[in-house]
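> sequence and computational prediction follow.
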Amino acid sequence: MNITVDEAKCCGAGQCVLVAPDVFDQRDEDGIVVLLDATPEAGLHAAVRDAATICPAAAIQVHE
Amino acid sequence: MPTPAPFPPLPVEPPSGCPFDPPEGLARLRLEEPLSKVALDDGSWAWLATRYADVRAILGDQRFSSDTSTPGYPVSGMTGGSPRPDAARGFIRMDPPEHTRLRRMVTRDFMVKRVEALRPTLQRLTDELCDEMERVDRSEHPVDLVQALALPLPSLAISLLLGVPYEDHDTFQRLTGTLLSRETGEEDRGPARAELLAYIDGLVRAKVAEPGDDIISRLATEQHARGELTHEDLVAFAVLLLVAGHETTANMIGLSALSLMLDPETAGRLREDPSLVRGAVEELLRFHSIIRNGPRRAALEDVEVGGRLIRKGEGVIVAVPSANRDEDVFPDAGRLDITRPNAQHHVAFGYGIHQCLGQALARAELQIVITTLLRRFPTMRPAVPVEEIPFRTDMVIYGCHALPVTW
Ligand code: SF4
């Protein structure tokens, strides 16, 4: 799995951080998504897919 | 006055059966005509989207405008909002790039980490309100849970973030209540809006002169001082955050507490295993869907949604309570299931770039209140039959006006 995020789209609602805190964080200055791990281990894949699904701004792309 | 459009009215009344059910008629529309036309009070009409997939498609598509001054925007009736092109409409009624610019000035204040750091404070505020409830003499029962806890907690929390003095709370609750009521006529709405704006205007001036450690002060000393934010924008910001933070969470607290009191088995499970509370709050948000007839949009171009063509200049209302009860996404949707695996896929906070900015705060407050109430008041129950509880069928945001409880 390979993840990319589109900072320009992110509206900082933080859904991704709630669902997959090991993979996503929010930048202190503006709350925009920060990708902590672009190639997370298999155990986190389900959570990452869920984060991509509920991200309100469709800012998370998952390439399997 | 134009002749009313020949369509059925927007469903707003809950069915006579369960007070937690979405407005009557939405379930039928979702099955039979998921994109239908509804008549608005001013004689105009709008599309009503009732399916989960269509609701997400519309809210996630920037060809649908949130700007109330866009031609076709359904301003009529509850939650429509007036078509004010001025800054005072706040960023929820703006489109990018203006929306993005303004929203990003405050996203950091509501991000997950910030809210997590606030948890001890929120817990302390909750405990203090519960202490006060405990001190009420039994002869003075029932206690109204709305006044005792559901309203003051979010009020205290948002006021803390914005730097609003607590003495001014009664004024706010009165004004926001008037502004959000379906029964308020334009003759009362105008003065109430003016009074709220005047108050906030004064508050902003005070913060500019003497900044504290709060959102308004930061916006005043940074963005406002740099010329990125006018005084009017700053006032609009404060009004938006204050109103949004006031009634939404309060009504979710009341409804959540009531539905758990009426479902002792679920309440018992949660009490025994408080780690279930995160999922429980998502499910409560889905189940109650307090935004009863919105959000709203206007099409900026012709867009196809769910096989229908929505034309440029046509208005759209998305039915959040209906989307969140869509059986295709949430099987057995009418049941409150606190371990539902995909509960968090709900659209109770909206979807798309306008999705609720305060959602992390709302979640934390709800999680804390529910856990604390279950622990401290295990025998709490409604003091009147459910039929006698005054539900807010007359308001933009659903909930209970009062919730008499005893324990
Ligand atoms: S869920 Fe999407 S919009 Fe929200 S913070 Fe994460 S990437 Fe940004």
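Nice, thanks for sending it over. The shown structure was predicted, so the numbers you read here are calculated from the model rather than taken from an experiment.
> residues near the residue of the stretch 201-350 of chain B found nearest the ligand, how many?
Nearest residue of the stretch 201-350 of chain B to the ligand, counting by C-beta to the nearest ligand atom: residue B:349, 10.7 Å away. All C-beta atoms are positioned from the backbone trio N, CA, C, and that covers glycine. Neighbourhood size, residue B:349 [other C-beta atoms under 10 Å in any protein chain shown]: 20.
> tell me where chain A has strands.
A:2-5, A:24-26, A:33-35, A:60-63 (DSSP state E).
> what do you get for the stretch 1-150 of chain B?
Ranges of strands in the stretch 1-150 of chain B, per DSSP state E, counting those that start in this stretch, are B:35-39, B:45-49, B:64-65, B:143-144.
> so which of those strands comes closest to chain A?
strand B:64-65 (14.0 Å; C-beta to the nearest C-beta).
> quick check: residues of chain A near chain B?
A:9, A:11-15, A:17-19, A:25-32, A:50, A:53-54, A:56-58 (C-beta under 8 Å from any C-beta of the partner chain).
> of those residues, buried ones?
A:9, A:11-15, A:17-19, A:25-27, A:31-32, A:50, A:53-54, A:56-58 (16 or more other C-beta atoms under 10 Å in any protein chain shown).
> quick one on the thing from earlier: could I get the strands of the stretch 1-150 of chain B as CSV with mean neighbour count and mean pLDDT?
Output for the strands of the stretch 1-150 of chain B, formatted as CSV (neighbours: other C-beta atoms under 10 Å in any protein chain shown; pLDDT from 0 to 100):
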stretch, mean neighbour count, mean pLDDT
strand B:35-39, 19, 94
strand B:45-49, 25, 96
strand B:64-65, 24, 98
strand B:143-144, 20, 96
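> could I get those as TSV with distance to residue B:103?
Formatted as TSV, these follow (distance: least, C-beta to C-beta, whole Å):
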stretch	distance to residue B:103
strand B:35-39	28
strand B:45-49	24
strand B:64-65	15
strand B:143-144	35
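> of the ones you listed, which is nearest residue B:227?
Comparing the strands of the stretch 1-150 of chain B against residue B:227 with C-beta to C-beta, the closest turns out to be strand B:64-65 (27.0 Å).
> that closest one: how far from the chain's middle?
Distance, stretch centre to chain centre, for strand B:64-65: 20 Å (C-alpha atoms, centre = their mean, to the nearest Å).
> do stretch B:234-246 as well
13 Å.
> next up, the contacts around the nearest residue to residue B:15 once chain neighbours are set aside.
Distances taken as C-beta to C-beta, 6 or more residues apart in numbering or on different chains place residue B:24 nearest to residue B:15, at 4.3 Å, with adjacent residues excluded. Listed by C-beta atoms under 8 Å, 6 or more residues apart in numbering or on different chains, the contact partners of residue B:24 are B:11, B:13-16.
> so can I have JSON lines of the strands of chain A showing mean pLDDT?
Shown next, in JSON lines, are the strands of chain A (pLDDT from 0 to 100):
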{"stretch": "strand A:2-5", "mean pLDDT": "96"}
{"stretch": "strand A:24-26", "mean pLDDT": "96"}
{"stretch": "strand A:33-35", "mean pLDDT": "96"}
{"stretch": "strand A:60-63", "mean pLDDT": "96"}
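> for those, which one sits closest to the ligand?
Using C-beta to the nearest ligand atom, the nearest of those to the ligand is strand A:33-35, at 3.6 Å.
> give me the buried positions along that closest one.
Going by neighbour count (16+ other C-beta under 10 Å), the buried part of strand A:33-35 is A:33-34.
> ok now that strand, how far from the chain's centre?
For strand A:33-35, the distance to the chain centre is 6 Å (C-alpha atoms, centre = their mean).
> who are the packing partners of that strand?
For strand A:33-35, the elements it packs on are strand A:2-5, strand A:24-26, judged by 3 or more C-beta pairs under 8 Å, 6 or more residues apart in numbering or on different chains; DSSP states H and E.
> how about the nearest residue to residue B:391, chain neighbours excluded?
Nearest one to residue B:391, counting by C-beta to C-beta, 6+ apart, is residue B:19 at 5.1 Å.
> is the one you found in contact with residue B:388, as I believe?
No. Counting by C-beta atoms under 8 Å, residue B:19 stays clear of residue B:388, with 11.1 Å between them.
> between the two, which has more neighbouring residues?
residue B:19 (18 against 10).
> pull up the gap between that one and the ligand, please.
Using C-beta to the nearest ligand atom, to the nearest Å, we find residue B:19 at a distance of 32 Å from the ligand.
> report the contact partners of that residue.
Residue B:19 neighbours (C-beta under 8 Å, 6+ apart): B:386, B:389, B:391.
> taking these, please make a ChimeraX selection of just the buried ones.
To isolate the buried members of the contacts of residue B:19 in ChimeraX, using 16+ other C-beta under 10 Å:
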select /B:389,391
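> quick one: the closest residue to residue B:60 other than its chain neighbours from the ligand, how far?
Counting by C-beta to C-beta, 6+ apart, residue B:60 lies nearest to residue B:352, which is 4.4 Å off, once chain neighbours are set aside. Going from residue B:352 to the ligand by C-beta to the nearest ligand atom gives 10 Å.
> same deal with residue B:395?
29 Å.
> tell me which residue in the stretch 101-250 of chain B sits closest to chain A.
Counting by C-beta to the nearest C-beta, the stretch 101-250 of chain B gets nearest chain A through residue B:107, at 3.4 Å.
> burial of that residue, as a residue count?
When neighbours are counted by other C-beta under 10 Å, residue B:107 comes out with 21.
> separation between it and the ligand?
8 Å.
> from the buried ones among the residues of chain A next to chain B, which land in helices?
A:15, A:17-19, A:50, A:53-54 (DSSP state H).
> for these, which one is nearest the ligand?
residue A:15 (3.8 Å).
> elements contacting the worst-scoring helix or strand of chain B on mean pLDDT?
Within chain B, no helix or strand scores below helix B:169-180, which has a mean of 75 by mean pLDDT, DSSP states H and E. For helix B:169-180, the elements it packs on are helix B:152-162, helix B:186-209, helix B:231-261, judged by 3+ C-beta pairs under 8 Å, 6+ apart.
> so can I have TSV of these showing mean pLDDT?
Output for the helices and strands packed on helix B:169-180, formatted as TSV (pLDDT from 0 to 100):
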stretch	mean pLDDT
helix B:152-162	88
helix B:186-209	87
helix B:231-261	90
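> the ones you listed: which one's closest to residue B:33?
helix B:231-261 (28.5 Å).
> next helix or strand past the closest one?
Downstream of helix B:231-261, the next assigned helix or strand under DSSP states H and E is helix B:264-272.
> tell me what the helix or strand just after that following helix is packed against?
Downstream of helix B:264-272, the first helix or strand assigned by DSSP H and E is helix B:277-288. Where contact means 3+ C-beta pairs under 8 Å, 6+ apart, helix B:277-288 is packed against helix B:231-261, helix B:264-272, helix B:359-376.
> just for chain A, where's the confidence low?
For chain A, no stretch has pLDDT under 70.
> got CSV for the strands of chain A, with distance to the ligand too?
Shown next, in CSV, are these (distance: least, C-beta to the nearest ligand atom, whole Å):
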stretch, distance to the ligand
strand A:2-5, 6
strand A:24-26, 6
strand A:33-35, 4
strand A:60-63, 5
